[in-house]
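Visitor: coords please:
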Amino acid sequence: MSAHIELGRAGEDAAAAFYRRRGYRIVDRNYGCRSGEIDLVLSRGRLLVFCEVKTRTSPLWGAPAEAVGPLKQNRIRRSAGTWLAEHRGSRRELRFDVVSVSVAEGGLEVTHLPGAF
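Guide: Numbers count the residues shown, from 1 in each chain. Next up is the predicted model:
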């Protein structure tokens with residue numbers, strides 16, 4: 001596995017642990033469809049969260065969340081629509097989050113942006 005893929009996996013693992021500690025349940029991970037991919041789908045009560053995780057090793061490339069621009073947001077929204085169509089269930093409140101994971105001295109630093117778009 002390439003270092004880039006391993007870093008992304010570590011970031012997603014850190015984000016999943018962050019949510020679990022706050023009482024969320026992981027419903028799906030790395031969901032893919034024609035529209036794109038959703039890193040994490042989580043639930044807590046009636047809230048369903050679609051989360052994009054961005055991991056960076058250096059601030060030279062900008063903050064991780066800066067990589068989730070309007071085009072990426074639209075792909076995630078379309079993918080979420082497909083996910084919802086495939087996973088019929090009770091009506092829920094939806095939220096789109098971004099979690100930024102930065103490699104910091106001593107580990108990974110997680111920044112949560114709830115309702116980012």
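
Visitor: alpha carbons only for contacts and neighbour counts from here, please
Guide: Fine.

Visitor: Grab the nearest non-local neighbour of Leu40.
Guide: Arg29 (4.7 Å; Cα to Cα, 6 or more residues apart in numbering).

Visitor: where does the one you found fall, helix, sheet strand or coil?
Guide: strand (DSSP: H, G, I helix; E, B strand; the rest coil).

Visitor: Pretty sure it sits against Val41.
Guide: Yes. Assessed by Cα atoms under 8 Å, Arg29 is found in contact with Val41 at 6.3 Å.

Visitor: higher neighbour count, the two?
Guide: With neighbours defined as other Cα atoms under 10 Å, Arg29 and Val41 compare such that Val41 has more, 23 against 16.

Visitor: Please name the bridge partners of that one.
Guide: Asp28, Phe50 (DSSP bridges).

Visitor: who's in contact with it?
Guide: By Cα atoms under 8 Å, 6 or more residues apart in numbering, the contact set of Val41 is Ile26, Val27, Asp28, Arg29, Leu48, Val49, Phe50, Cys51.

Visitor: how does it look with 10 Å?
Guide: 16, 24-31, 48-52, 80, 83, 96-97 (Cα atoms under 10 Å, 6 or more residues apart in numbering).

Visitor: sorry, back to before: surely the residue nearest to Leu40 is in contact with Glu12?
Guide: Yes. With contacts counted by Cα atoms under 10 Å, Arg29 reaches Glu12, the gap being 8.9 Å.

Visitor: what's the spacing between the longest strand seen in the chain and its chain's center?
Guide: Counting by DSSP state E, the longest strand found in the chain is strand 93-104. Between the centre of strand 93-104 and the centre of its chain there are 5 Å (Cα atoms, centre = their mean, to the nearest Å).

Visitor: Partner strands of that strand, with direction?
Guide: strand 47-56 (parallel), strand 107-113 (antiparallel).
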